[in-house]
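J.: Kindly generate the corresponding structure for this input.
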Amino acid sequence: MKNLLNGILNIFVGEWWIEIVTQTPKCTYYFGPFTSEAEANIAKTGYIEDLEQEGAAQIVATIQRCNRPDELTIDESVDGGGIPAPVMG
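T.: Numbers count the residues shown, from 1 in each chain. As a prediction, this is how the structure comes out:
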């Protein structure tokens with residue numbers, strides 16, 4: 001019965017996702033979907049550890065119920081954080 005209720009909620013409210021924002025590099029990562037907040041909370045530690053091993057710093061993780069994000073990795077540091085490159089010439 002609990003799985004049926006979770007399935008119905010997922011249709012209307014979305015599934016559980018982990019959002020991890022790092023300042024170095026300036027990125028937002030989404031991991032999921034998970035069937036419960038508890039399942040996402042257990043997995044969160046492993047994702048944070050992986051990012052730390054890759055050199056990420058200032059990491060903030062939140063668990064939220066939402067629809068699948070359009071992008072699972074948003075790298076804002078690729079183009080200088082959204083600042084256009086100067087035009088030379």
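
J.: Report the next helix or strand after the helix or strand hosting residue 29 in sequence order.
T.: Under the criterion of DSSP states H and E, residue 29 resides in strand 27-34. Going down the chain from strand 27-34, the next helix or strand is helix 37-53, by DSSP H and E.

J.: ok, back up a step: dump the strand holding residue 29 to CSV, keeping only the CA atoms.
T.: Below are the C-alpha coordinates for strand 27-34, written out as CSV (Å, rounded to 0.1, in the frame of the first residue of the first chain):
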residue,chain,number,x,y,z
CYS,A,27,28.4,23.6,-10.5
THR,A,28,25.0,22.2,-9.7
TYR,A,29,24.5,18.4,-9.8
TYR,A,30,21.3,16.5,-9.6
PHE,A,31,21.3,12.8,-8.5
GLY,A,32,18.2,10.6,-8.6
PRO,A,33,15.5,9.8,-8.8
PHE,A,34,15.0,8.1,-5.4
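
J.: For it, which strands pair with it and how are they oriented?
T.: Paired neighbours of strand 27-34 in the sheet (DSSP bridges): strand 15-24 (antiparallel), strand 73-75 (antiparallel).

J.: how about the residue most central in space within the chain, what does it touch?
T.: Closest residue to the average C-alpha location of the chain: residue 30 at 2.2 Å, with C-alpha atoms, centre = their mean. Counting by C-beta atoms under 8 Å, 6 or more residues apart in numbering, residue 30 makes contact with 17-20, 69, 71-73. No exception for glycine: its C-beta is placed from N, CA and C like everyone else's.

J.: Nearest to residue 64 among the strands paired with strand 27-34 would be which one?
T.: Proximity to residue 64 (C-beta to C-beta) singles out strand 15-24 among the strands paired with strand 27-34, at 5.9 Å.

J.: Low-confidence stretches in this structure?
T.: Within the chain, the stretches with pLDDT under 70 are 1-13, 78-89.

J.: ok, now with 50
T.: 80-89 (pLDDT under 50).

J.: now the strand holding residue 29: how far from the chain's centre is it?
T.: Remark: strand 27-34 is offset 3 Å from the chain centroid, using C-alpha atoms, centre = their mean, to the nearest Å.
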